[in-house]
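1. Predicted model follows, preceded by the sequence.
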Amino acid sequence: MYISISSESTIENIFSNFLIIDGETYQFSIPLYQREYSWREEQWRETFDDLIHSLNKPDMDTDYWGNIIVFKNDANREFEIVDGQQRLITLLLLILSVGEINKPNGFLPLKFKGDNNELWLKIASKLRLRQDEKRHAFNQAIEFFEECIREEGLDANQLLQHIQKTKLSIVIVDDELESNLLFGRLNTRGLPLGQVDLIKHKLFYATKRRMAPTGNDEVLEKWKALFLTTKDLNTTIDQFLEKWWEVHYDLNNETLYSSFQQKLISDDYLSFLESVLASSQQILDLKNNSTGTDNRIGRNLKWLLKISQSEQLWMVLIALEDTVLPSKRRIDFYEQLTVYEFCRAISSQSDFSELDDIYYDFAKNLLSEVAGNRMNGNEVIVEIAKVTQKMVELLPDLPDFIDDFSALRFDDSGRWEWEGISHEQMLSRYAIYTLNNWLDTTNHGAGVEYRTKDDDEYSIEHIRAKLHAISASSHEYLIGNLVVLEKQINNDLGDIDVDEKLSEYKKSSYPQMKEFLIKKERKHGTAYRRNNMMEWNKNGFGVSDIENRGRYLANSFYERIEEILGMK
């Protein structure tokens, strides 16, 4: 194995001459299995303050940013970053806030593997960004540094020259496994490693292993697979591994790493990693629902992972997929979890902390053993009933739910910004699609009462034209003004007044549109809807109609929750 710890080199050199080797241009790269860029304002502030400290001390040596560990991948002409990506990316973003990035032989010094690369190319080239791209941490960091520079009254060219003089060391390793081991030993900035980083290092260093069929190291391959799988599950490897451990072992006030050391010996390490990976892949397979036969869980699980902020929910999912349970009850429970977590996500009045305690107990009980035996299906159903009872106890009152539900907004025009816009739009989309699915009760297979997969042609239509909106809080963005509509019809219509769209609306095959257009398709009688301010007119659909329909949709959703929880 070859390890080269370069002498300190300037940022200017590292992002230019350093990357030219024997006439070939190399790039730093962020592998898919590396963590997302996670630095935010606290770390940006520390970086900027460090820079200004050295700038204001001309008698000091230029600032030193520590070590970056890279795996030299000659086949791809890349230096894959093993440790230090947060600093390296931040330094490049800092440069972009005051000038341009050097491009050795026309190549950017950094590239990503995956979706982030397209955005990175746009930001590094200073191209126009979409609204959602402007909210990305890359762009937010640049704007943060620009604001700091304005506040300090600094000269951009002078600051750029100073940045280029600051120094960094690159630790180059030509063996990918050893580069990961070195990460655990060097601890480049003197910071304590996280619990999962410690476990990772222990796995890589002490596992008794065999080479994988690919010829690559088996532990490394499985760790990469676990990283990518958890990423596809909208979580992190840290969170998933921690919750997997909590389900299967008692921490007893120990840290995760201490418990790992106490419970396992090195002979167990590979099987442990295989078990965690198998668990994550099993959940991902359910979510992807790609076998050709609808498992009737995938749709709910996909939305559940987007909606829920509960860490304990992961314990429930991990335990469920390691437990015997009749198919119908499993399907129903996934829908129950999804619908209730949506209720939890939109509720501003209620405290749901007790639900996390129930989730924890549920998961632990499912995998507990009595006389060496796990729970059978009937016993699991009893445990589900305990969760259901707690959900009933914590369910918000109907008036509160209606207030929270009908306040949901959706604006895809990019005209307005508000805090949490992406999450709120996701919740609105879920609610509208779900309500339509519950109404769609025809031709979905034997024993299937309603649609269990979102139609590929689903799109969100604003009934009253968005052109009437004057602010982010305008009624035109409220959920009462939203309806599901086929993409093609939606695209052809554009943003025009509702009376001009009614003839096209009638072409839609979706039951939610029929419910909007035809009063007899709506729930309850006309008198009930009027008395409860849940009636609307399609012609001249206006502000009061939006409010009334919002209450109607909220009431419909709440009644369904009550049915799912066995309250009706």
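-> Arrived safely.
2. tell me which element Val70 is part of?
-> Here Val70, judged by DSSP states H and E, is contained in strand 64-73.
3. if you average pLDDT over the following helix or strand past that strand, what comes out?
-> Downstream of strand 64-73, the first helix or strand assigned by DSSP H and E is strand 78-83. Strand 78-83 shows a mean pLDDT of 88.
4. neighbouring strands for strand 78-83, and are they parallel or not?
-> strand 27-30 (parallel), strand 64-73 (antiparallel) (DSSP bridges).
5. Tell me the first helix or strand C-terminal of it.
-> helix 85-96.
6. tell me the angle that next one makes with strand 78-83.
-> Here helix 85-96 runs at an angle of 110 degrees relative to strand 78-83 (axes from the mean of the first three to the mean of the last three Cα atoms, to 10 degrees).
7. I'd like to know how many residues surround Lys520.
-> By other Cβ atoms under 10 Å, 8 other residues sit near Lys520. The way it works is simple: take the backbone N, C-alpha and C, and place the C-beta from them, glycine included.
8. what phi and what psi does the backbone show at it?
-> Per-residue torsions, Lys520: phi -70, psi -10 (degrees, to the nearest 10).
9. Tell me how far it lies from Ile170.
-> According to Cβ to Cβ, to the nearest Å, Lys520 and Ile170 sit 72 Å apart.
10. list the contacts for the residue nearest to Leu502 when sequence neighbours are not counted?
-> Spatial nearest neighbour of Leu502, chain neighbours left out: Lys538 (6.4 Å); criterion: Cβ to Cβ, 6 or more residues apart in numbering. The contact partners of Lys538, by Cβ atoms under 8 Å, 6 or more residues apart in numbering, come to Val498, Leu502, Phe516, Leu517.
11. Show the buried residues in those.
-> Listed as buried from the contacts of Lys538 are Val498, Phe516; burial here means 16 or more other Cβ atoms under 10 Å.
12. Okay, now the unreliable bits of the stretch 201-350 of the chain?
-> Low-confidence segments of the stretch 201-350 of the chain (pLDDT under 70): 208-216.
13. try 80
-> Filtered on pLDDT under 80, the stretch 201-350 of the chain yields the residue ranges 201, 204-217, 252.
14. burial of Val70, as a residue count?
-> Using other Cβ under 10 Å: Val70 sits among 25 other residues.
15. Can you give me the pLDDT of it?
-> 88.
16. Can you give me every residue that contacts the closest residue to it other than its chain neighbours?
-> Once flanking residues are discounted, Val70 sits nearest to Phe79: 4.0 Å by Cβ to Cβ, 6+ apart. By Cβ under 8 Å, 6+ apart, the contact list for Phe79 reads Leu19, Tyr26, Gln27, Phe28, Ser29, Val70, Phe71, Lys72, Asn73, Ile170, Ile172.
17. how much space is there between the fifth one and Pro511?
-> Using Cβ to Cβ, we find Ser29 at a distance of 49 Å from Pro511.
18. swap in the fourth one?
-> The spacing between Phe28 and Pro511, counted by Cβ to Cβ, is 53 Å.
19. got it, and Gln261?
-> Using Cβ to Cβ, we find Gln261 at a distance of 57 Å from Pro511.
20. neighbour-wise, which of the two wins?
-> Pro511 (20 against 14).
21. Would you mind measuring from the more buried one to Gly106?
-> Here Pro511 is placed at a distance of 55 Å from Gly106 (Cβ to Cβ).
22. Over to Tyr510?
-> 50 Å.
23. Leaving out the residues flanking it, which one is nearest to Glu476?
-> Closest to Glu476 by Cβ to Cβ, 6+ apart is Ala469, at 4.2 Å.
24. Provide a list of residues in contact with that neighbour.
-> So Ala469 contacts Asp411, Arg415, Trp416, His475, Glu476, Tyr477 (Cβ under 8 Å, 6+ apart).
25. Save those residues as JSON lines, and put in neighbour count, secondary structure and pLDDT too.
-> Shown next, in JSON lines, are the contacts of Ala469 (neighbours: other Cβ atoms under 10 Å; DSSP: H, G, I helix; E, B strand; the rest coil; pLDDT from 0 to 100):
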{"residue": "Asp411", "neighbour count": "22", "secondary structure": "coil", "pLDDT": "94"}
{"residue": "Arg415", "neighbour count": "14", "secondary structure": "coil", "pLDDT": "86"}
{"residue": "Trp416", "neighbour count": "16", "secondary structure": "coil", "pLDDT": "87"}
{"residue": "His475", "neighbour count": "18", "secondary structure": "helix", "pLDDT": "97"}
{"residue": "Glu476", "neighbour count": "23", "secondary structure": "helix", "pLDDT": "97"}
{"residue": "Tyr477", "neighbour count": "28", "secondary structure": "helix", "pLDDT": "97"}
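26. So which residues of the stretch 351-500 of the chain form helices?
-> 353-366, 377-394, 398-406, 421-439, 487-493 (DSSP state H, counting those that start in this stretch).
27. Just send those back as TSV, with mean pLDDT, mean neighbour count and distance to Glu41 too.
-> As requested, those are arranged in TSV below (pLDDT from 0 to 100; neighbours: other Cβ atoms under 10 Å; distance: least, Cβ to Cβ, whole Å):
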stretch	mean pLDDT	mean neighbour count	distance to Glu41
helix 353-366	96	17	28
helix 377-394	96	16	34
helix 398-406	98	18	30
helix 421-439	97	19	19
helix 487-493	95	14	38
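28. wait, which of these is closest to Ile331?
-> Closest of the helices of the stretch 351-500 of the chain to Ile331 is helix 377-394, at 12.2 Å (criterion: Cβ to Cβ).
29. rewinding a little: please work out which of the strands paired with strand 78-83 is packed deepest.
-> strand 27-30 (a mean of 22; mean count of other Cβ atoms under 10 Å).
30. how close does Arg130 get to Asp412?
-> Distance from Arg130 to Asp412, by Cβ to Cβ: 11 Å.
31. the more surrounded of those two?
-> Neighbour count, other Cβ under 10 Å: between Arg130 and Asp412, Asp412 has more, with 14 against 11.
32. Tell me if I'm right that the more buried one and Ser459 touch.
-> No. Contact criterion Cβ atoms under 8 Å: Asp412 and Ser459 do not qualify, at 9.3 Å.
33. Need phi/psi at Asn289.
-> Backbone phi and psi, for Asn289 under degrees, to the nearest 10, turn out to be phi 50, psi 50.
34. centroid residue for the protein?
-> Asn234 (4.0 Å; Cα atoms, centre = their mean).
35. Over to it. Which of the three states is it?
-> The three-state label given to Asn234 by DSSP: H, G, I helix; E, B strand; the rest coil is coil.
36. Spatially nearest residue to it (excluding sequence neighbours)?
-> Leu305 (4.5 Å).
37. One more: Thr235?
-> Trp314 (6.8 Å).
38. ok so the one you found is a helix residue?
-> Yes. Using three-state DSSP, the assignment for Trp314 is a helix.
39. how's this protein carved up into domains?
-> 3-186, 195-394, 403-564 (automatic domain parsing).
40. Figure out the length between the terminal residues of the second one.
-> When you say that, I think you mean domain 195-394. With Cα to Cα, to the nearest Å as the measure, domain 195-394 spans 34 Å from end to end.
41. show me what contacts the nearest residue to Leu88 once chain neighbours are set aside?
-> Leaving out its chain neighbours, the residue that sits closest to Leu88 by Cβ to Cβ, 6+ apart is Ile68, at 5.9 Å. By Cβ under 8 Å, 6+ apart, the contact set of Ile68 is Ile81, Asp83, Gly84, Arg87, Leu88, Leu168, Ser169, Ile170, Val171, Thr188.
42. same deal with Lys222?
-> Going by Cβ under 8 Å, 6+ apart, Lys222 touches Leu270, Leu273, Glu274, Leu277.
43. do Asn117 as well
-> With contact set as Cβ under 8 Å, 6+ apart, Asn117 has these partners: Lys111.
44. could you dump the helix or strand containing it to CSV, C-alpha only?
-> Asn117 belongs to helix 116-124 when assigned by DSSP H and E. Presented in CSV, the C-alpha positions along helix 116-124 are these (Å, rounded to 0.1, in the frame of the first residue of the first chain):
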residue,chain,number,x,y,z
ASN,A,116,-25.7,16.7,-6.9
ASN,A,117,-23.3,17.0,-9.8
GLU,A,118,-25.7,18.7,-12.1
LEU,A,119,-26.5,21.4,-9.5
TRP,A,120,-22.8,21.7,-8.7
LEU,A,121,-22.0,22.4,-12.4
LYS,A,122,-24.6,25.1,-12.5
ILE,A,123,-23.4,26.8,-9.3
ALA,A,124,-19.7,26.5,-10.1
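45. Thank you, goodbye.
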